[in-house]
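Asker: Fold the stuff below for me.
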Amino acid sequence: MSGDIVSIHSFRGGTGKSNIAANLAAIAALDGKRVAVMDTDVASPGIHVIFGLGRQKLKYTLNDYLRGECDITDACMDLTSQLGIKQGKLFLIPSSMSATDITRILREGYEVSDLKRGFTDVIKAKNLDYLIIDTHPGLDRETLLSMATADFLFVVARIDEQDLLGTAATLSVARKLKVPDIRIIINKKPSIYEDKAIIAEVEDKFQTKVATIIPLLQLLIEAGSRYVVVLKHPESEFTGCIQNVYSVIKS
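Answerer: Model (predicted):
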């Protein structure tokens, strides 16, 4: 039985989707699941920094796979013991932060079919319950593929007019692609807004359920994407929000 593909997307950058993807993977692994996170944002990668690999030289990355220089499993790093996870498994397929690699892949491009094959190959090779894809913001070939193959799509947005207009466009595309389960995550919510009012307005406007609302938390500001918050602060409000997201894919 193949694992589910969970796509975490946002129309604009800076919404916190990478942080959500990393922490969702950790929550699933803590629940005993086999999960991998793939950073397909080749233009502005960085989810590996959240996993504490910011200064570590990466032997293989998604870029190497897309250039045909390694197998997808070569770029798949087992972070389970490093993160102190006892039950499940957590893998990471990072993209390269090398300026040379980024400019090369942007200049030369890659075959989207190779990326799609990478999804299925890593799910099979690692016997995954979930493959979580941290996508590139906006709508391009890669994000369309990650949506088209997704079992679950979470669109991350802030209470911001540009974000919400972009979210509307993203949801429209996702529906045309017939994504089975689409939810909205409201992130960095200022305290002046009430959750009930936001949920009512957003669900009415977009005809899409809200998976969770994550407040603008001091804890996340202090963390600064330097570590996986749910592992260090399991009792935090943020962890509860990520549990809400996990309950969607687990049910």
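Asker: Look up the closest residue to L177, ignoring the ones flanking it.
Answerer: Distances taken as Cβ to Cβ, 6 or more residues apart in numbering put A148 closest to L177, at 4.8 Å, once the chain neighbours are dropped. C-beta coordinates here come from the backbone N, C-alpha and C atoms, glycine included.
Asker: what's the answer for I123, then?
Answerer: Residue nearest to I123 in three dimensions, not counting chain neighbours: G3, with 4.7 Å by Cβ to Cβ, 6+ apart.
Asker: Quick check, the one you found in contact with L131.
Answerer: Yes: G3 is within contact range of L131, at 5.8 Å (criterion: Cβ atoms under 8 Å).
Asker: Can you check which residues contact both of the two?
Answerer: Counting by Cβ atoms under 8 Å, 6 or more residues apart in numbering, the shared contacts of G3 and L131 are I123.
Asker: So for these two, which residue has more residues nearby?
Answerer: A count of neighbours by other Cβ atoms under 10 Å puts L131 above the other of G3 and L131, at 29 against 21.
Asker: Tell me which helix or strand that one sits in.
Answerer: strand 130-134 (DSSP states H and E).
Asker: Check the offset of the helix or strand that that strand is followed by from the chain's centre.
Answerer: Next along the chain after strand 130-134, taking DSSP H and E as the criterion, comes helix 141-148. Computed by Cα atoms, centre = their mean, to the nearest Å, the chain-centroid distance of helix 141-148 equals 13 Å.
Asker: Next, the angle from helix 141-148 to strand 130-134.
Answerer: Angle, helix 141-148 to strand 130-134, by axes from the mean of the first three to the mean of the last three Cα atoms, to 10 degrees: 150 degrees.
Asker: Please name every helix or strand in contact with helix 141-148.
Answerer: Under the contact criterion of 3 or more Cβ pairs under 8 Å, 6 or more residues apart in numbering; DSSP states H and E, helix 141-148 touches strand 4-9, helix 112-125, helix 161-176.
Asker: Mind listing what's buried along it?
Answerer: By neighbour count on 16 or more other Cβ atoms under 10 Å, the buried set for helix 141-148 is 142-143, 145-148.
Asker: model confidence over the following helix or strand past it, on average?
Answerer: Downstream of helix 141-148, the first helix or strand assigned by DSSP H and E is strand 152-157. Mean per-residue pLDDT for strand 152-157: 96.
Asker: Need the residues that contact strand 152-157.
Answerer: Under the contact criterion Cβ under 8 Å, 6+ apart, strand 152-157 has outside partners 4-11, 15-17, 20, 147, 163-164, 166-167, 170-171, 174, 179-187, 208, 211, 245, 248-249.
Asker: show me where pLDDT drops low in this protein?
Answerer: Along the chain, segments meeting pLDDT under 70 span 1, 251.
Asker: Show me where the chain has its helices.
Answerer: Taking DSSP state H, the helices of the chain run over residues 17-30, 47-50, 62-66, 99-108, 112-125, 141-148, 161-176, 195-206, 218-223, 229-232, 237-250.
Asker: most tightly surrounded among those?
Answerer: Greatest average neighbour count among the helices of the chain goes to helix 17-30 (a mean of 26), per mean count of other Cβ atoms under 10 Å.
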